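Asker: the following comprises the amino acid sequence and a computationally predicted model.
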Amino acid sequence: MLDYVSGIITFSLIYVIATVGLAVFTGFTGLFSLGHAAFFAIGAYTAGILTYFYDVNFWAALAAGIASSSLVGLFIGYPTLKAKLRSDYFAIATLGFGEAVRVLLENLDITQGARGLPGIANETTLPVVILLTVLVLWVARNFVHSRYGRAAIAVREDFVAAEMMGINLFQVRIRSLVFSAGCAGLAGGLFAHYVSFIQPGMFTAALSTQLTASVVAGGMGSITGPTVAAVLFVAVPEALRMASMWRLVAYGFLLVAIMVFRPQGLFGFREISWQSCVRCFRRKPAAAGEGAGR
């Protein structure tokens with residue numbers, strides 16, 4: 001039972017890493033990406049191939065996965081973002097990119113096609129995932145509160161006004177996309193070394209949709225909101241696995257309920273911070289004292 005719970009937590013945090021990266025791009029620039037499964041797959045296959053065929057160190061393989069996903073993000077982002085594609089056109093372009101990467105993985109010899117890579121070293125552990133999740137959250141928070149993060153928020157709110165104020169739209173968006181792709185690559189590398197088997201069918205548009213849904217449901221202007229949503233979207237179907245197909249119904253119902261009752265997302269533009277938690281706990285004793293006095 002303990003191993004099962006540990007596995008759910010590990011899977012949840014892996015998806016949190018990818019979701020946080022996408023939240024920095026979609027939530028803070030306003031552009032939707034429907035092809036993030038491709039960056040996830042590139043990181044997974046790069047890290048998996050290096051350890052599977054060449055006995056490369058696990059941490060070096062993860063770094064290579066991050067680098068390869070980031071470079072591909074730069075490669076796909078340069079022409080699309082330079083052309084100033086609107087959100088819907090950019091989403092379609094990334095959707096096509098994601099499908100192209102999946103088909104490519106199915107036809108390369110080094111990826112072993114649809115057979116996939118079985119027997120990848122099981123190097124991903126819960127402490128490793130926790131450490132990297134905290135690191136990604138810290139880097140994302142610093143990015144959002146930096147000069148570039150404030151520029152990204154301005155671009156999201158009104159890109160025309162932001163451009164008139166001297167903000168370079170291309171630079172803001174490409175930095176966010178490269179960071180987002182790198183996070184997806186890191187998550188993919190951890191995923192490959194946890195399940196010990198990867199194949200192209202694992203990285204379909206459904207994965208991209210799940211990541212995007214976590215960002216929207218958690219709150220487009222938040223980092224901690226998508227984090228909580230990503231955990232919910234992994235934990236709820238797993239908790240209801242005994243209910244067979246009804247767990248997928250519960251997953252869809254959860255997403256619909258969030259959109260109906262919290263259209264701005266679970267957290268909206270708010271963040272969970274240590275200071276806010278301290279203030280919350282301080283108010284409760286004060287409120288209890290006032291009630292006793294009355």
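Answerer: Looks like it came in fine.

Asker: where along the stretch 101-250 of the chain do the strands fall?
Answerer: Listed in chain order, the strands of the stretch 101-250 of the chain (DSSP state E, counting those that start in this stretch) span 117-118, 197-198.

Asker: what's the pLDDT at residue 64?
Answerer: pLDDT recorded at residue 64 is 97.

Asker: repeat that for residue 84.
Answerer: So residue 84 comes in at 77 (pLDDT).

Asker: what about it, which SS state?
Answerer: coil (DSSP: H, G, I helix; E, B strand; the rest coil).

Asker: just checking, it touches residue 174?
Answerer: No. Counting by C-beta atoms under 8 Å, residue 84 stays clear of residue 174, with 11.9 Å between them. For the C-beta atoms, the positions are set from N, CA and C on the backbone; glycine is no exception.

Asker: between those two, which is the more surrounded one?
Answerer: Of the pair residue 84 and residue 174, residue 174 is the one with more neighbours under other C-beta atoms under 10 Å, namely 19 against 13.

Asker: give me the number of residues near the residue nearest to that one when sequence neighbours are not counted?
Answerer: Distance criterion C-beta to C-beta, 6 or more residues apart in numbering; nearest residue to residue 174, sequence neighbours excluded, is residue 77 at 5.1 Å. Residue 77 has 26 neighbours, counted by other C-beta under 10 Å.

Asker: looks to me like residue 77 is in a helix.
Answerer: Yes. Assessed by three-state DSSP, residue 77 belongs to a helix.

Asker: gap between it and residue 13?
Answerer: 26 Å (C-beta to C-beta, to the nearest Å).

Asker: same thing with residue 48?
Answerer: Counting by C-beta to C-beta, the gap from residue 48 to residue 13 is 19 Å.

Asker: what ranges does the chain have for its helices?
Answerer: In order along the chain, the chain carries the following helices (DSSP state H): 2-22, 28-29, 36-53, 58-82, 87-107, 126-144, 147-157, 159-164, 169-195, 205-218, 224-239, 246-261, 274-293.

Asker: OK, contacts around the residue nearest to residue 174?
Answerer: Shown in contact with residue 77 (C-beta atoms under 8 Å, 6 or more residues apart in numbering): 173, 174, 177, 178, 181.

Asker: what's the burial count for the nearest residue to residue 60 once chain neighbours are set aside?
Answerer: Nearest non-adjacent residue to residue 60, counting by C-beta to C-beta, 6+ apart: residue 50, 7.4 Å away. Residue 50: 21 surrounding residues under other C-beta under 10 Å.

Asker: per-residue pLDDT of residue 50, please?
Answerer: Residue 50 is given a pLDDT of 96.

Asker: distance check, it against residue 71.
Answerer: Applying C-beta to C-beta to residue 50 and residue 71 gives a distance of 15 Å.

Asker: one more: residue 41?
Answerer: From residue 41 to residue 71 the distance is 14 Å (C-beta to C-beta).

Asker: of these two, who's got more company?
Answerer: Between residue 41 and residue 71, residue 41 has the larger neighbour count (other C-beta under 10 Å), namely 29 against 15.

Asker: ok, that one touching residue 200?
Answerer: Yes. Using C-beta under 8 Å, residue 41 is in contact with residue 200, at 7.1 Å.

Asker: can you pull the residues that touch both of those two?
Answerer: Taking C-beta under 8 Å, 6+ apart as the contact rule, residue 41 and residue 200 both touch 102, 105.

Asker: picking up where we left off before, residue 155: which of the strands of the stretch 101-250 of the chain is closest?
Answerer: In terms of C-beta to C-beta, the element of these nearest to residue 155 is strand 197-198, at 34.8 Å.

Asker: was I right about residue 80 contacting residue 92?
Answerer: No. Using C-beta under 8 Å, residue 80 makes no contact with residue 92, being 10.1 Å away.

Asker: out of the two, which sits in the busier spot?
Answerer: Set residue 80 next to residue 92 and count neighbours by other C-beta under 10 Å: residue 80 wins out with 18 against 14.

Asker: can you pull the contacts of that one?
Answerer: 90, 93, 94.

Asker: which of those residues sits closest to residue 149?
Answerer: residue 90 (20.0 Å).

Asker: tell me, how many residues neighbour the residue nearest to that closest one when sequence neighbours are not counted?
Answerer: Of all residues not flanking residue 90 in the chain, residue 31 sits nearest, at 5.1 Å (C-beta to C-beta, 6+ apart). Residue 31: 24 surrounding residues under other C-beta under 10 Å.
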